[in-house]
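Student: Make a model of this:
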Amino acid sequence: MSTLRPYQTEAVHAVFREWEDKTSTLIVCPTGTGKTETFCEIIRRMQPKRTVVLAHRGELVTQAVKRLWKFGIEADVEMSDKWADENYWSRAPVVVSTVQTQIAGENGNGRMTRFDPMDFGLVVCDEAHHYTAKSFRKVLDHYRKNPEIKILGVTATPDRADEAALGQVFDSVAMDYEILDAIHDGWLVPVEQQMVNIEGLDFSKVRTTAGDLNGADLAAVMEAEKNLHGIASSSIKIIGDRKTLAFTVTVKQAERLAEIFNRHRAGMADWVCGATPKDQRHKILKDFSDGRIQVLVNVGVLTEGYDEPAVEIIVQARPTKSRCLYAQIIGRSLRPLTGTVDGLETVVERIDAIARSPKPAALVLDFVGNSGKHKLMTTADILGGKVSEQAIEKAVERAKKANAPVRMDEELDHAERDIRSEIEAQKEREAKRRAHVVAQAEFKLRSVDPFDVFDLKPTKSRGWDAGKTLSEGQRAVLARAGVNIVEMPYTQQKQLLVEIFNRRDKSMATLKQCRALRKRGVDTSAMTFDQARSALDGIAQKEGWGKKKETTPTAPAPIRPAPVPGSIATDEPSWMKDLFG
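Tutor: Okay, here's the model as predicted:
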């Protein structure tokens, strides 16, 4: 059985917490971080209840079955000419199927009716961003006829436009682990971005259809001979001998782009599309994996379910306004080389191992021209899920001016620091004008801001959280922890709630403990509950919190029972007792 990474274990715990009072929840984790391993562990813990895993492509079905077997879980396939055995005595604990297979048949109610919803305890929706579609929701509705069934969705970063719709399908988001989180934690390689200016590349007249660039209009631009040569010649100057994956809009563009690459160096490139025969596609992918070809051009067939860690460069010859599509594309290059980080326990070790490996970073080539009114996706948009929009804009502008590869995560950090510096400078100017008022306000902010105390960056609100509120019990947890949620967005309330639960699971210092110690200059970043308790006891003794004032003798106080082990001594002030509530 596979050993889970820390964030995967955290996701598993978060899912079961959400299921305590909800039917469905969502895990958002980037490509290359092991979503399949995470839901396999959840399936294992749900046994003996049966599970159906739903995907939308055959490759994802095969991938899920292989991973389940690694976890020691037998799985049967319901897809195309394969039929899962539903005999009570011989049926598998997990059925893996495509949504298309489930609805195949007369009136779209065909093969899913083979499965009794009451026989299952869990439905896993792989690539869950597709489940806003009517056909996908129809399959979910079939299994939801079992009122006790649990639903789990897993996806990489979805389009922000889809987030609100996902909020209608899934009751909550158990975990939102962004690409930048995974890079900072040393699980994915850093991303470099290079903006390549192609003279004559003009998207200003391309229409928008269904939220993305119109296919026909975009094809006309990207298939133009001059633009194809500009993309190929500039790419060759940059990629050297590194393994490169190129994405295109149309079959014609893919074929021509591969041909132009091969004019520069015979045999360096090949291409695949959805119509490529399976045997031929398998051979081309094998040639690419084995290094017989350097550049593989594809039309929309390698965006999901394709795993080749040796890919170092993405040639993004398929401009898009879709955050989801762009995230899937660049995700093909973010895995470290096999064996680079597995088994390393600390962030420092993993980041150092990646830096010293033959693949220290991934490079994304974007080709820019006149984008007109369109806001085209860049790596900054994908990495910047938890940073401000102003920082994203600043980072993109710097990348465009650089005319060379830039570490986009570092650019975002720089931009965010610049913005914070500007805000701080503005605060200082305001402080000079209204010194005493601002000083009091800033002291109060430092005293009570839980994000400050936990060293957390507040997460930006996401569409799926629109209109949601915490339960009464969840609000009570925050209130007991000393969090004032008035005017705080739901997303940040949920972030603090998760942090409080995580700290409780790890026996870390509470918010009230951290707040009291931070006021006295104590670093609480890695402090356990017991360490914080000891530190506060020491401060109490030093400052005389527990000393009783001399008073006129009165009647003896009633005898009180001895404190329960682990509780607060009865002569400590009530506010200190509350630190451990």
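
Student: what's the neighbour count on Gln541?
Tutor: 11 (other C-beta atoms under 10 Å). Where C-beta positions appear, they are placed from N, C-alpha and C, glycine not excepted.

Student: would you say it is within a helix?
Tutor: Yes. With DSSP: H, G, I helix; E, B strand; the rest coil as the criterion, Gln541 is part of a helix.

Student: ok, Lys134 to Ala11 distance?
Tutor: Separation of Lys134 from Ala11 (C-beta to C-beta, to the nearest Å): 28 Å.

Student: Looking at those two, which one has more neighbours?
Tutor: Ala11 (26 against 7).

Student: contacting residues around the more buried one?
Tutor: Ile27, Cys29, Thr38, Ala174, Met175, Tyr177 (C-beta atoms under 8 Å, 6 or more residues apart in numbering).

Student: Could you say which helix or strand holds the fifth one?
Tutor: When secondary structure is defined using DSSP states H and E, the element that contains Met175 is strand 173-176.

Student: That strand - which strands sit beside it in the sheet, and in what orientation?
Tutor: Applying DSSP bridges, strand 173-176 is found paired with strand 24-28 (parallel).

Student: contacting residues around the strand it pairs with?
Tutor: 11, 14-15, 18-19, 35, 38-39, 128, 150-158, 166, 169-178, 464.

Student: Which ones among those residues map onto strands?
Tutor: Lys150, Ile151, Leu152, Gly153, Val154, Thr155, Val173, Ala174, Met175, Asp176 (DSSP state E).

Student: For the third one, list the residues it contacts.
Tutor: Each residue near Leu152 by C-beta under 8 Å, 6+ apart is listed here: Val15, Ser24, Thr25, Leu26, Ile27, Phe39, Ile42, Leu122, Val123, Val124, Cys125.

Student: closest to Val191 among those residues?
Tutor: Taking C-beta to C-beta as the measure, Val191 sits nearest to Ile27 out of those, at 21.9 Å.

Student: Against Phe451, how distant is Arg67?
Tutor: 36 Å.

Student: So if I had to pick from these two, which one is more boxed in?
Tutor: Counted by other C-beta under 10 Å, Arg67 and Phe451 do not tie: Arg67 has more neighbours, with 19 against 16.

Student: and that one, what element?
Tutor: helix 58-70.

Student: domains for this protein, by residue range?
Tutor: 6-177, 191-416, 434-505, 518-580 (automatic domain parsing).

Student: starting at the chain centroid, how far to the first one?
Tutor: It stands for domain 6-177. In terms of C-alpha atoms, centre = their mean, to the nearest Å, the centre of domain 6-177 is found 18 Å from the chain centre.

Student: what about the strands in the stretch 201-350 of the chain?
Tutor: With DSSP state E, counting those that start in this stretch as the criterion, the stretch 201-350 of the chain has strands at 208-209, 212-213, 244-247, 269-272, 295-298, 313-316.

Student: Reformat those as a markdown table; add mean pLDDT.
Tutor: Shown next, in a markdown table, are the strands of the stretch 201-350 of the chain (pLDDT from 0 to 100):
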| stretch | mean pLDDT |
| --- | --- |
| strand 208-209 | 90 |
| strand 212-213 | 90 |
| strand 244-247 | 97 |
| strand 269-272 | 97 |
| strand 295-298 | 97 |
| strand 313-316 | 96 |
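
Student: Using a markdown table, please lay out these together with distance to Leu344 and mean neighbour count.
Tutor: Conversion of the strands of the stretch 201-350 of the chain to a markdown table gives the following (distance: least, C-beta to C-beta, whole Å; neighbours: other C-beta atoms under 10 Å):
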| stretch | distance to Leu344 | mean neighbour count |
| --- | --- | --- |
| strand 208-209 | 44 | 12 |
| strand 212-213 | 39 | 21 |
| strand 244-247 | 26 | 26 |
| strand 269-272 | 34 | 24 |
| strand 295-298 | 30 | 26 |
| strand 313-316 | 25 | 25 |
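
Student: mind giving me CSV with those strands and columns for distance to Lys375?
Tutor: Output for these, formatted as CSV (distance: least, C-beta to C-beta, whole Å):
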stretch, distance to Lys375
strand 208-209, 10
strand 212-213, 11
strand 244-247, 19
strand 269-272, 29
strand 295-298, 25
strand 313-316, 15
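
Student: and Leu497, which of those strands is closest to it?
Tutor: strand 212-213 (35.1 Å).

Student: quick one: contacts of the closest one?
Tutor: So strand 212-213 is contacted by Phe203, Val206, Arg207, Pro319, Thr320, Lys321, Ser322, Leu325, His374 (C-beta under 8 Å, 6+ apart).

Student: need the longest helix for this protein.
Tutor: helix 408-433 (DSSP state H).

Student: Name the residues of the helix or strand containing Glu499 that are buried.
Tutor: Secondary structure from DSSP H and E places Glu499 in helix 490-505. Across helix 490-505, burial judged by 16 or more other C-beta atoms under 10 Å covers 490-501, 503.

Student: of those residues, closest to Pro48?
Tutor: Phe501 (27.3 Å).

Student: Scan the contacts of Ala11 and report the most crowded one.
Tutor: Ala174 (28 neighbours).

Student: Identify the residues contacting that one.
Tutor: Ala11, Ala14, Val15, Arg17, Glu18, Thr25, Leu26, Ile27.

Student: what about the residue lying closest to it once chain neighbours are set aside, neighbour count?
Tutor: Closest residue in space to Ala174, ignoring its immediate chain neighbours: Ala14 at 4.0 Å, by C-beta to C-beta, 6 or more residues apart in numbering. Each residue near Ala14 was counted by other C-beta under 10 Å, and the total is 20.

Student: Check Lys145 too.
Tutor: 10.

Student: any idea how far the nearest residue to it once chain neighbours are set aside lies from Thr132?
Tutor: Spatial nearest neighbour of Lys145, excluding adjacent residues (C-beta to C-beta, 6+ apart): Pro117 at 4.4 Å. Distance, Pro117 to Thr132, using C-beta to C-beta: 21 Å.

Student: Need the domains of the chain in TSV (columns: distance to Ile183).
Tutor: Below are these laid out as TSV (distance: least, C-beta to C-beta, whole Å):
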stretch	distance to Ile183
domain 6-177	9
domain 191-416	6
domain 434-505	15
domain 518-580	21
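
Student: of those domains, which approaches His184 most closely?
Tutor: domain 191-416 (7.4 Å).

Student: List the contacts of Asp366.
Tutor: Per C-beta under 8 Å, 6+ apart, neighbours of Asp366: Gln193, Gln194, Met195, Val196, Gln316, Pro319, Leu376, Thr378, Thr379.

Student: Save those as JSON lines, and put in secondary structure and distance to Lys359 too.
Tutor: Below are the contacts of Asp366 laid out as JSON lines (DSSP: H, G, I helix; E, B strand; the rest coil; distance: C-beta to C-beta, whole Å):
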{"residue": "Gln193", "secondary structure": "strand", "distance to Lys359": "16"}
{"residue": "Gln194", "secondary structure": "strand", "distance to Lys359": "17"}
{"residue": "Met195", "secondary structure": "strand", "distance to Lys359": "22"}
{"residue": "Val196", "secondary structure": "strand", "distance to Lys359": "21"}
{"residue": "Gln316", "secondary structure": "strand", "distance to Lys359": "19"}
{"residue": "Pro319", "secondary structure": "coil", "distance to Lys359": "26"}
{"residue": "Leu376", "secondary structure": "coil", "distance to Lys359": "27"}
{"residue": "Thr378", "secondary structure": "coil", "distance to Lys359": "22"}
{"residue": "Thr379", "secondary structure": "helix", "distance to Lys359": "17"}
